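Student: My questions concern the predicted model and sequence given below.
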Amino acid sequence: MKHILLTLACIFFYSYCIAQEKKYTDSAVTEYIKACQCKFGYKYGWKLKSVKKHEAYSWVKKIIFISFKNDDSTKEVSYLKNENIDNDVVTEQRLLTEEETDSLFNIIYGYNYTTYPSKILVFECKRPENAILYLDKDDRIVFSINICFSGTGYKIWTSKNYKGTHTTTFGETCFGKYELLAKLFRSAGTRNIK
């Protein structure tokens, strides 16, 4: 009987401690939201010029925004067919101009957290229907960023044929970055954003 009472007391005490840890004050939540807001300013000595010279982008000759049908969420890149774009799956594609490419790099690398948040929320992108494709000189996809605008999630894919050291990135997932990216998709002529 003593063991049962001791076990119940331990469970109660543990539950009480966990419940106390999960309480957040209004000021802590406000501070967290403020820290997660996007602020423009390259970090770590990066500038737009240095991003464009990055080793990963030396392989890239074209950047394309696409919308695609995602009938099979088990396939990581359903729009890929023999390292090329599968036009049977892609519903629209827009080749970025130099100016749009600069805007894309500014959004990905230039917008960062206002201050570094205590926790970073990560959302999965299980059923993307939009992507940023980075193509080489032979129009083969080198890497891509699959995007779920509605769920604010992303997933990066890299071709097994890519021999470089570094791949592309999405940067810091600060609040507002997905909205900026969706606006760029629309201004490039992409209509189907999900």
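Tutor: Received the coordinates, thanks.
Student: hang on, isn't Ile132 packed against Phe149?
Tutor: No. Applying Cβ atoms under 8 Å as the test, Ile132 and Phe149 come out as separate, 12.0 Å apart. All C-beta spots, glycine's among them, are computed from the backbone N, C-alpha and C.
Student: Quick check on these two: which one has the bigger neighbour count.
Tutor: Taking neighbours as other Cβ atoms under 10 Å, Ile132 and Phe149 compare with Ile132 leading, 23 against 18.
Student: which ones are touching that one?
Tutor: Ile63, Ile64, Phe65, Leu104, Ser144, Ile145, Ile147 (Cβ atoms under 8 Å, 6 or more residues apart in numbering).
Student: pLDDT and neighbour count added to these, as JSON lines?
Tutor: Below are the contacts of Ile132 laid out as JSON lines (pLDDT from 0 to 100; neighbours: other Cβ atoms under 10 Å):
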{"residue": "Ile63", "pLDDT": "98", "neighbour count": "20"}
{"residue": "Ile64", "pLDDT": "98", "neighbour count": "20"}
{"residue": "Phe65", "pLDDT": "98", "neighbour count": "24"}
{"residue": "Leu104", "pLDDT": "98", "neighbour count": "21"}
{"residue": "Ser144", "pLDDT": "96", "neighbour count": "24"}
{"residue": "Ile145", "pLDDT": "96", "neighbour count": "22"}
{"residue": "Ile147", "pLDDT": "95", "neighbour count": "25"}
